[in-house]
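Chemist: Quick one, fold the following:
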Amino acid sequence: MGKKPHKCDMCSWTFAHSSELVNHLRMHTGERPFKCEVCDKGFSHSSSLVKHRHVHTGERPFKCKVCEKAFAQASTLLQHWRIHTGEKPFKCKICDKAFMKQLHLVEHRRTHTEEKAFKCDACSKGFITSAGLLEHKCIRKSGKLFRCEVCNKDFCSSTYLVVHQRIHTGERPFNCEVCNRAFCNLSYLRKHQRIHTDERPFRCEVCNKDFCSSSYLRMHQRSHTDDRPFKCDICDKDFCSSSYLAVHQRIHTGERPFKCAVCDKAFLSSSYFLRHQCIPTGDKPFKCEFCNKGFTQLPDLLKHQHTHTGDRRFQCDFCQNCFTYSSSLEIHRRIHTG
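Modeler: Residues are numbered from 1 along each chain as shown. Okay, here's the model as predicted:
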């Protein structure tokens, strides 16, 4: 094994070349010197910037042989391939838990070590992730916070602010090629596309239920632990998600930041706002393949189709009766629980 004389003073990792150490140190400092000419996003490595540029060009040269889904990067294709194979090559030596991505393993290890490898050079405060460090730095330099003029929410980068502002303007530049639904954020489009492919790469290890996004999985996992860490400081009601708490708090403040440009009606949440947007136009783009009934939203269509297919996926834990809708199951459970 070759010598690795270059050692990181922050985490003790060693490297064969000084250039590798310089690149590694950016993980701790949060430095991102390589800027995208299109969106000004920064990267710690020039190779990451080259890969990122595919986002703007739309180029996806790496295609999956199983489902023909295309990717901008070979590494992303490799990660996707594990969804089909079920391979989890990155294993924790402490608890034997396995992961599809090395990054997830690195983050998981810190739950055992409580390591905060990302240090602020100004105040020495530590963070588990580089994203946490970057956000902290922006907060320290209050002059560089980017504030939304509509709702006064602050962001640590102009890119996040631009994406957020689309909630208020209604701009949705990313379109689904299957159903033509539009999104304000490319990542939201990617999550949505899994509805069409039925790709659900995130699995709950307790009940084996699959989800199309990691955030949905995290929220679901709290149903097993009954963890509701987000509490309203006015009425003490608690929630499993910070976004649910934020919407709830608007009940107390009276804030309705989502306004319809057609009728000037305002809403507590973006989901209520989006449902309303379809009403003035009468547009129902989602058609049932069995009876041709139209719906303004895809989830409503999927629920409706269960009436044709006889799918009863919601099962009672007490008597094993099955129901088409989760709401029907909840009503039924009251028979047992009172």
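
Chemist: Against residue 66, how distant is the nearest residue to residue 59 once chain neighbours are set aside?
Modeler: Leaving out its chain neighbours, the residue that sits closest to residue 59 by C-beta to C-beta, 6 or more residues apart in numbering is residue 72, at 6.4 Å. Using the backbone N, CA and C atoms, a C-beta is placed for each residue, glycine as well. Distance, residue 72 to residue 66, by C-beta to C-beta, to the nearest Å: 18 Å.

Chemist: higher neighbour count, the two?
Modeler: Higher neighbour count among residue 72 and residue 66: residue 72, with 18 against 11, using other C-beta atoms under 10 Å.

Chemist: Cross-check the contact I'm expecting between residue 147 and residue 160.
Modeler: No. Using C-beta atoms under 8 Å as the test, residue 147 is too far from residue 160 to be in contact (11.4 Å).

Chemist: Looking at these two now, which is surrounded by more residues?
Modeler: Remark: of residue 147 and residue 160, residue 160 carries more neighbours, 16 against 11, as counted by other C-beta under 10 Å.

Chemist: Any regions of the stretch 51-200 of the chain where pLDDT drops low?
Modeler: 111, 113-114, 128-131, 135, 138-145, 156 (pLDDT under 70).

Chemist: list the buried ones in stretch 70-77?
Modeler: Within stretch 70-77, the residues that count as buried by 16 or more other C-beta atoms under 10 Å are 71, 72, 73, 76, 77.

Chemist: which two from those residues end up farthest apart in space?
Modeler: With C-beta to C-beta as the measure, no two of the buried residues of stretch 70-77 lie farther apart than 72 and 77, at 9.1 Å.

Chemist: hey, what's in contact with both of those two?
Modeler: residue 62 (C-beta atoms under 8 Å, 6 or more residues apart in numbering).

Chemist: returning to that earlier point: surely the residue nearest to residue 59 is in contact with residue 54?
Modeler: Yes. At 3.4 Å, residue 72 and residue 54 qualify as touching, with contact defined as C-beta under 8 Å.

Chemist: hey, what's in contact with both of these two?
Modeler: residue 60.

Chemist: Can you show me the strands along the stretch 51-200 of the chain?
Modeler: Using DSSP state E, counting those that start in this stretch, the strands of the stretch 51-200 of the chain run over residues 62-63, 70-71, 90-91, 98-99, 118-119, 126-127, 146-147, 154-155, 174-175, 182-183.

Chemist: Just tell me which of those ends up closest to residue 197.
Modeler: It's strand 70-71; of those, that one is closest to residue 197 (C-beta to C-beta) at 12.1 Å.

Chemist: now do the same end-to-end measure for stretch 228-248.
Modeler: Using C-alpha to C-alpha, to the nearest Å, one end of stretch 228-248 lies 14 Å from the other.

Chemist: Mind listing what's buried along it?
Modeler: 230, 239, 240, 241, 244, 245, 247, 248.

Chemist: Most widely separated two among these?
Modeler: Top of the distance list for the buried residues of stretch 228-248 (C-beta to C-beta): 240 and 247, 12.8 Å.

Chemist: Figure out which of the strands of the stretch 51-200 of the chain is closest to residue 83.
Modeler: strand 70-71 (12.1 Å).

Chemist: any idea which helix or strand carries the residue nearest in space to the middle of the chain?
Modeler: For the chain, the residue nearest the mean C-alpha position is residue 215 (5.2 Å; C-alpha atoms, centre = their mean). Here residue 215 sits within helix 214-225, counting by DSSP states H and E.

Chemist: How many neighbouring residues does residue 268 have?
Modeler: By other C-beta under 10 Å, 19 other residues sit near residue 268.

Chemist: Tell me who's in contact with it.
Modeler: With C-beta under 8 Å, 6+ apart, residue 268 has these contacts: 247, 250, 251, 255, 256, 258.

Chemist: Just the buried subset of these, please.
Modeler: Neighbour counting by 16+ other C-beta under 10 Å classes 247, 258 among these as buried.

Chemist: List the residues that contact the spatially closest residue to residue 168 that is not a sequence neighbour.
Modeler: Nearest in space to residue 168, with sequence neighbours left out and distances taken as C-beta to C-beta, 6+ apart, is residue 150 at 4.6 Å. Going by C-beta under 8 Å, 6+ apart, residue 150 touches 165, 168, 257.

Chemist: In helices only, show me the residues you listed.
Modeler: Secondary structure from DSSP state H places 165, 168 of the contacts of residue 150 in helices.

Chemist: Next up, phi/psi of the residue nearest to residue 59, please.
Modeler: For residue 72, the backbone dihedrals (degrees, to the nearest 10) come out as phi -80, psi -20.

Chemist: what do you get for residue 231?
Modeler: Main-chain torsions, residue 231, degrees, to the nearest 10: phi -110, psi 140.
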